[in-house]
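> model this:
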Amino acid sequence: MGLSRLLSRSSGFTLVELLGVLVIFAVVMAGTYSLLISQQRAYGIQEQINEMNQNARAAMDLMTREIRLAGYKKSTATFNGIAIAQSTTIRILADLDQNGDTLGNNEDVTYSYDAGTMQVWRNSINFPLAENITNLTFVYTMADGTTTSNPGNLADIRKVTISITARTTYPDPGTSQYRTVTLTSDVTPRNMAF
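Prediction:
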């Protein structure tokens, strides 16, 4: 009597119990899915931020190194290390191969900013040096200590301050806001006549 009654009660689940388990399972899966989506968004945003930082730093590093070399030459060569100095364009000259002229590779370099395409160009070659750049400015410190964006006498330039602002390729999900970073560097051309 007791054993048959016990077996008949424990032979399965009721419909209410099955529905309860399904509801709990659905809640757990919804939470897991929500967590997965938020992690994927955070990863995408972080990837864009890393790309933006790398883009700006690479451009800044190359400009800094080449502007620092402006005016490098043999003692007999005669040219000014900075040939063009404007707020968004700089042209630097350096006799890297020591042959007395600036006709060799990487001896005559121009950096310019195109606000329409948000790109920084190096020597107007077929591909830009940096993209998604919202601002690039050059400010020049003169021999008398003043600063200007368009110096009159290029031989009086003593320091170049570069400021570059980059943004992410896409806005953050759900907003129209782009992430930005601004880098600034003071460069003293070592080979300019002081």
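> this protein: helices as residue ranges?
2-9, 15-68 (DSSP state H).
> tell me which of those helices sits nearest to Tyr140.
Shortest distance between Tyr140 and the helices of the chain, using CB to CB, is found for helix 15-68: 10.8 Å. C-beta: built from backbone N, CA, C; applies to glycine.
> what packs against that closest one?
Under the contact criterion of 3 or more CB pairs under 8 Å, 6 or more residues apart in numbering; DSSP states H and E, helix 15-68 touches strand 89-93, strand 130-131, strand 133-142, strand 157-167, strand 180-187.
> quick check: bridge partners of Asp108?
Counting by DSSP bridges, Asp108 is bridged to Leu93.
> thinking again about what came up before, would a markdown table of the helices and strands packed on helix 15-68 with mean neighbour count and distance to Asp108 be doable?
Output for the helices and strands packed on helix 15-68, formatted as a markdown table (neighbours: other CB atoms under 10 Å; distance: least, CB to CB, whole Å):
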| stretch | mean neighbour count | distance to Asp108 |
| --- | --- | --- |
| strand 89-93 | 21 | 6 |
| strand 130-131 | 20 | 20 |
| strand 133-142 | 19 | 17 |
| strand 157-167 | 20 | 17 |
| strand 180-187 | 14 | 18 |
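> name the residues that touch stretch 115-132?
52, 55-56, 58-59, 62, 88, 108-114, 133-134, 136, 164, 166-169 (CB atoms under 8 Å, 6 or more residues apart in numbering).
> and for stretch 48-66?
With CB under 8 Å, 6+ apart as the test, stretch 48-66 has contacts from 92, 94, 106, 109, 111, 120, 122, 129-133, 162, 164-170, 179-181, 183, 185, 187.
> point out where this structure drops to low pLDDT.
Scanning the chain for pLDDT under 70 picks out 1-11, 193-194.
> just checking, Ala85 touches Pro151?
Yes: between Ala85 and Pro151 a contact is recorded at 5.2 Å, counting by CB atoms under 8 Å.
> compare the two (neighbour count), which wins?
Ala85 (22 against 19; other CB atoms under 10 Å).
> ok, now which ones touch the more buried one?
Per CB under 8 Å, 6+ apart, neighbours of Ala85: Arg91, Phe138, Tyr140, Asn150, Pro151, Leu154, Ile157, Val160.
> closest one of the residues you listed to Tyr33?
Tyr33 lies nearest to Phe138 out of the contacts of Ala85, by CB to CB, at 49.9 Å.
> from Thr76, how far off is that closest one?
As judged by CB to CB, to the nearest Å, Phe138 and Thr76 stand 29 Å apart.
> got it, and Ser185?
Separation of Ser185 from Thr76 (CB to CB) stands at 32 Å.
> cool, and Asp144?
From Asp144 to Thr76 the distance is 29 Å (CB to CB).
> cool, and Ala70?
For Ala70 relative to Thr76 (CB to CB), the value is 18 Å.
> the two - which one has more neighbours?
Remark: of Ala70 and Thr76, Ala70 carries more neighbours, 24 against 7, as counted by other CB under 10 Å.
> check contacts around that one.
The neighbours of Ala70, taking CB under 8 Å, 6+ apart as the test, are Gly81, Ile82, Ile92, Leu93, Ala94, Pro189, Asn191, Met192.
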